[in-house]
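# Please find the sequence and the predicted model below.
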Amino acid sequence: MKVLVTGAQGQLARALKEYAASRLDLDLYAVGQPQLDLAETGGIEPLIHDLRPDVVINAAAYTAVDRAEREPEMAFRINAAAAGEVANGAASIGAPIIQISTDYVFDGTATAPYSEQAPTNPINIYGRSKLAGEDAVRAVNAQHLILRTSWIFSPFGHNFVKTMLRLAEDRDEVCVVADQFGCPTSADSLALAVGCVLDRWMGGASTGLGQTYHVAGTGACTWADLAEEVFGASAEAGGPSAKVIRITTEKFPTPAPRPRYSVLASGKFAAEFGVVLPSWQSLTRRVVTRLAAGQ
Ligand SMILES: NC(=O)C1=CN([C@@H]2O[C@H](COP(=O)(O)OP(=O)(O)OC[C@H]3O[C@@H](n4cnc5c(N)ncnc54)[C@H](OP(=O)(O)O)[C@@H]3O)[C@@H](O)[C@H]2O)C=CC1
Ligand SMILES: Cc1cn([C@H]2C[C@H](O)[C@@H](COP(=O)(O)OP(=O)(O)O[C@H]3O[C@@H](C)C(=O)[C@@H](O)[C@H]3O)O2)c(=O)[nH]c1=O
């Protein structure tokens, strides 16, 4: 199966490349900047027509949550308009698209995990642009699968886990919010989930097409809990560690508001594809250990 992934240098695309390297039945082509600049219109369609992939995965996104507040046009361009163009390009050759979306489409006022049917109501520009991206994809390619996930971390690129380890290099204490709840998800576990979808499609089934799914690490925690897990694992592996000072959101003002509770219920994905991701703690330990080993 030939798969085209956008956002080549991103966390998920890199995890997908590693995953595909271990599978003889997956030819994965990742495209990124400068070959593909999604800020410009018209770049993706010729690539899709040249490669003629069986599946397109749109993993490119404008993910700078705070910066998006002052660059809303660019966030909407990449996360909404370009997502629609990628989906349309896939549709033009009859290929399905997997669009990756986010827990930040929710406002965080829930008190129980969000199902796929829960009303969306993003509270920042990034979330609004990603929700517009979901709609753009649904509008142009009936063969879509929208995968909402959350709090991605990996040994690659920018993420909260790496930020914590960097801060611990020269601080004994790190202040971290303890009143925002979510589901940390490693990029490699998400790649595995995507692989399960591809397996079904490879077998000729059209499982999940036209649907939206939540898939995230099992369990839920606050950013402060995640930081504590990171430092615990890092200390065991001989890496940097710091004490976590648990603070409220008000004590850590940011340009973009974050949802207070964006825990995703992944049961629909589990029921359809038979996969439950490991606990957020074991996913965290795995990545921190890998980072400590310099891999
Ligand atoms: N990170 C997270 O916590 C979460 C992410 N998601 C979603 O999952 C998906 C993957 O996220 P993740 O891997 O973490 O993202 P990253 O930020 O690691 O990677 C995103 C990629 O998009 C690329 N990109 C940005 N602008 C452009 C552009 N103008 N043209 C072409 N490519 C561009 C970036 O390329 P470059 O490096 O060249 O700038 C980068 O490689 C995204 O859809 C994201 O919204 C969902 C939930 C949580
Ligand atoms: C660096 C830092 C952050 N924080 C807080 C700020 C914020 O409320 C929370 C998370 O901060 P970050 O900016 O690292 O994470 P953020 O960019 O909000 O992460 C989000 O990224 C996008 C792309 C998604 O789709 C989401 O699922 C989610 O992963 O932690 C602290 O309390 N202390 C700190 O030292």
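Nice, thanks for sending it over. Ligands and ions are numbered 1, 2, ... in the order given.
# Stretch 153-161 near ligand 2 anywhere?
Yes. Stretch 153-161 lies in contact with ligand 2 when judged by CB under 6 Å from any ligand atom; the contacting residues are Phe160. To be clear about C-beta, it is placed using only N, CA and C from the backbone, and glycine gets the same treatment.
# tell me the contacts of the residue of the stretch 151-295 of the chain found nearest ligand 1?
Among the residues of the stretch 151-295 of the chain, Ile152 lies nearest to ligand 1; the distance is 3.6 Å by CB to the nearest ligand atom. Contacts for Ile152 were tallied using CB atoms under 8 Å, 6 or more residues apart in numbering; they are Gln11, Leu12, Asn159, Thr185, Ser186, Ala187, Leu190.
# Which strands or helices does the helix or strand containing Val137 pack on?
In this structure, Val137 sits in helix 125-140 according to DSSP states H and E. In terms of contact count using 3 or more CB pairs under 8 Å, 6 or more residues apart in numbering; DSSP states H and E, helix 125-140 is assigned the packing partners helix 72-76, helix 82-92, strand 97-102, strand 144-149.
# now the stretch 151-295 of the chain, which segments are flagged as low pLDDT?
Low-confidence segments of the stretch 151-295 of the chain (pLDDT under 70): none present.
# Break down it into its helices, ranges please.
Remark: helices of the stretch 151-295 of the chain, listed N- to C-terminal, are 160-169, 187-202, 223-236, 267-273, 280-292; assignment by DSSP state H, counting those that start in this stretch.
# Can I get these in CSV including mean neighbour count?
Compiled in CSV, those are given as follows (neighbours: other CB atoms under 10 Å):
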stretch, mean neighbour count
helix 160-169, 18
helix 187-202, 21
helix 223-236, 22
helix 267-273, 17
helix 280-292, 20
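# I'd like to know which of these is closest to Leu145.
Judged by CB to CB, the one of the helices of the stretch 151-295 of the chain that comes nearest to Leu145 is helix 187-202, at 6.4 Å.
# circling back: in strands, which of the contacts of Ile152 appear?
Among the contacts of Ile152, the members falling in strands are Thr185, Ser186 (criterion: DSSP state E).
# out of the contacts of Ile152, what pair is the most spread apart?
Comparing every pair within the contacts of Ile152 by CB to CB identifies Asn159 and Leu190 as the most remote, at 12.3 Å.
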